[in-house]
Every structure is written in C-alpha cells, then in structure tokens.
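*Asks:* generate coordinates for the sequence data below:
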Amino acid sequence: MNKKIICLGIESTAHTLGIGIIDSKGKVYTNSKRQYVQKDTVSGIKPYDAAQFHYQNSIDLLKEALEDAKLTMKDIHVISFSKSPGLGPCLVVGATFARTLAIKYNKPIVGVNHCVAHLEIGKTLMKAKDPLFIYTSGANTQIIARDDNRYKILGETLDIGLGNLFDSFARDLGYGFPGGPILDQIYFKSNNYLDILPYSVKGMDIVYSGLLTSSQKLIGKYKNEDLVYSFMHTAYAMLLEVCERAISYTNKKEIMVIGGVAASKALKEMLTAFSKERKVKLFIPPVSACLDNGLMIADLGLKEYLSNGGQQLKDTTIDPTERTDQVIISW
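*Replies:* Presented below is the predicted three-dimensional model:
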C-alpha cells in the first residue's frame, strides 16, 4: 500500500490513560500518557476513581498528543481503542471517547485486545520474527507463542499476575502503589537467598498465591532486603522454568518479554543468563512500550484496519474478560 495510513490509539484498561499515533510506514508520532496514582497505600487501584481520572484527562491528553505529533484530527485516518480485557469502568471511558472522536470526525474505528497489542508492539519495534513471548503485567503472566492464526497460551499463572503479586507484597511492606518498581530496586541490595519460600509450578502453569501468603507471614522476621530478594527470585525462577519447557517444546530461536514487568532489571538479569544458556536471542522492548500505552493500541488498530477494515459501532462493545487466545490474527 502506497498511501500512508495514520492511526490514533487510546489505552484505558487500568491506571494508564494513553494516546499513541503511528503510521503504516512504521513512523511513531507520539506515545503520550497520564497515569492515575492511588493515594493510599492500603488498597490497590480503584476502578471508578481511575475511570474518573481518565474522563477528566482525556481531552487534554488528546490535545497534548496531537501537539507533540504535530498533527490535527484531519490527519488521522483511523481511531483505535482498547476494548478488552481490563477494568470495566476504565474500558468504558476509552471506548466512549474513541466512538465520540470517530463520529465527530467521520473516522473508521477499531476496538482491539490490550494483551495482543502488547505482543504486536514488541514485534513492530524490535523487528522480531517469531518469538516466544513472556507476557508479564499486573493481571497477566503468560507464556505465549503464535500458532497459525492465534496466539496460543502455553502456560500461565493460575491465580495472581506478577505485577499484582509484586504490588501486593510492596503494600504489605509499606512501600505504596505501584510497588513493583520499588521492589525491583531493593532486589539488588541483597543476594542472601532465603530457602524457605514455596515454589509452585504445575506442569506449564504457575501458582503464586502460596508464595505471597508465606512471604507476608515472614515480614518483620527477616531483613526486608533479603525477603524481597528471595521473594522476587523465587517468582522469576518459577516463570523461567516454564519458559525453558516452552522453548524446548516450540524450538523457538527468539524470546521476548513484554508487559509492564518487562521493565524489571531483576528479570532482565535472569533472562539474559537464561537466553545465553539456551542460545536464543533475547528481546526486551523500551520501557515506554512495555508499560501500558496508547502506541501499542494504535499499532494493533492499524494492523487490524489494514487487514479487516473498520468496525461497526455495534461491534465495539467492551469485553473485560477476553483472552489473548480468543483473538483471530489475520495478518
């Protein structure tokens, strides 16, 4: 296709409101975002408060993104948004905003799956061919590989995603939310592994709730640095055991970690050693692309549009529970 198609993507699945713009030639115009931050340190994200934050900031963020991209809405050809999965109230804000823009400016609209968007933006930016994906975010921890026209989930957490696991433990330690990045810094302050934590891998799946409960009971009995190091190291070791089986099963030559937890330096350290041992090429996209963002929604929206065209408004209903392997990949 010779004509350049520009897509604007809106991300609003959880605490991040993002607007990204990319075109069919691969040019990135902007990846603007604003993040709702929970004020108290006891509870996690409150969906209705986050949705209200998105509603209040959507127009200003759009203006900011267009200004950063040096574009106007007349230059945009397609509007895309995250319609699944995520927190219902937050998804509603993004979907409503996208429909409003599509109707007002007479643009085609495409609702996309947030999880698949994480996979696809990694491939787009890193030029990877056919990697095994480690998808690690707040609610999701999955080992994924493409199989014909779907992304097949080879293994996953049966209870808590890594991001939520780390945030929960950080709150218990009094570090606030989001706590994952704080734990990641503390991790490197110790190398004293406490061999007292449960390790639960069930075939190709992982269970983290026992690790969390046991670690909570040990708070105050050991140094925080030692406990955090042991807690994270155990969680990542469980993940890499499943990855090793998946690499052997699929014979993939590339491995890519995506999602918010991909920003973890501790995970990068363990994955680097793992990839060298297994002789596979490791891809870790930029942090800005690993965290929730509008660019990945624009990227997937563009691919969906070029492959299948725009959607009818009646087909843009949100689906908070849609899984990665339910999406047909037609490109």
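
*Asks:* thought residue 21 was touching residue 69, still the case?
*Replies:* Yes. Taking CB atoms under 8 Å as the definition, residue 69 is a contact partner of residue 21 at 5.0 Å. C-beta here means a position set from N, CA and C on the backbone, and glycine is covered the same way.

*Asks:* give me the more crowded residue out of the two.
*Replies:* Set side by side, residue 69 and residue 21 give different neighbour counts by other CB atoms under 10 Å, the larger being at residue 21 (25 against 22).

*Asks:* tell me the bridge partners for the more buried one.
*Replies:* Beta bridges link residue 21 to residue 8, residue 30, judged by DSSP bridges.

*Asks:* list the contacts of it.
*Replies:* Under the criterion of CB atoms under 8 Å, 6 or more residues apart in numbering, the contact partners of residue 21 comprise 6-9, 28-30, 65, 69, 71, 76, 294-295, 298.

*Asks:* what about 6 Å?
*Replies:* Each residue near residue 21 by CB atoms under 6 Å, 6 or more residues apart in numbering is listed here: 8, 29-30, 69, 298.

*Asks:* how about the helices in the protein?
*Replies:* Chain-ordered helices for the chain, with DSSP state H as the definition, fall at 47-69, 88-105, 114-126, 162-172, 180-187, 209-217, 224-250, 265-278, 287-290, 294-308.

*Asks:* starting at the chain centroid, how far to the longest one?
*Replies:* Distance, stretch centre to chain centre, for helix 224-250: 19 Å (CA atoms, centre = their mean, to the nearest Å).

*Asks:* quick check: closest non-adjacent residue to residue 301.
*Replies:* Once its chain neighbours are removed from consideration, residue 301 has its nearest residue in residue 80; the separation is 2.2 Å (CB to CB, 6 or more residues apart in numbering).

*Asks:* what about the one you found, how many neighbours?
*Replies:* Here the neighbour count serves as a burial measure; for residue 80 (other CB under 10 Å) it reads 33.

*Asks:* swap in residue 145?
*Replies:* As a burial measure, the neighbour count of residue 145 was computed by other CB under 10 Å and equals 17.

*Asks:* and the gap between it and residue 262?
*Replies:* Relative to residue 262, residue 145 is positioned 17 Å away (CB to CB, to the nearest Å).

*Asks:* which positions within stretch 251-261 qualify as buried?
*Replies:* Buried residues in stretch 251-261, counting neighbours by 16 or more other CB atoms under 10 Å, are found at 252, 254-261.

*Asks:* for residue 68, what are its contacts?
*Replies:* Applying CB under 6 Å, 6+ apart to residue 68 gives the contacts 30, 32.

*Asks:* ok, 8 Å please
*Replies:* 29-30, 32.

*Asks:* ok so, going back, return every residue with contacts to both of residue 69 and residue 21.
*Replies:* 29-30.

*Asks:* not counting sequence-adjacent ones, nearest residue to residue 285?
*Replies:* With CB to CB, 6+ apart as the criterion, residue 285 has its nearest non-adjacent residue at 4.8 Å, and that residue is residue 122.

*Asks:* the one you found is in contact with residue 258, isn't it?
*Replies:* Yes. Judged on CB under 8 Å, residue 122 makes contact with residue 258 at a distance of 4.5 Å.
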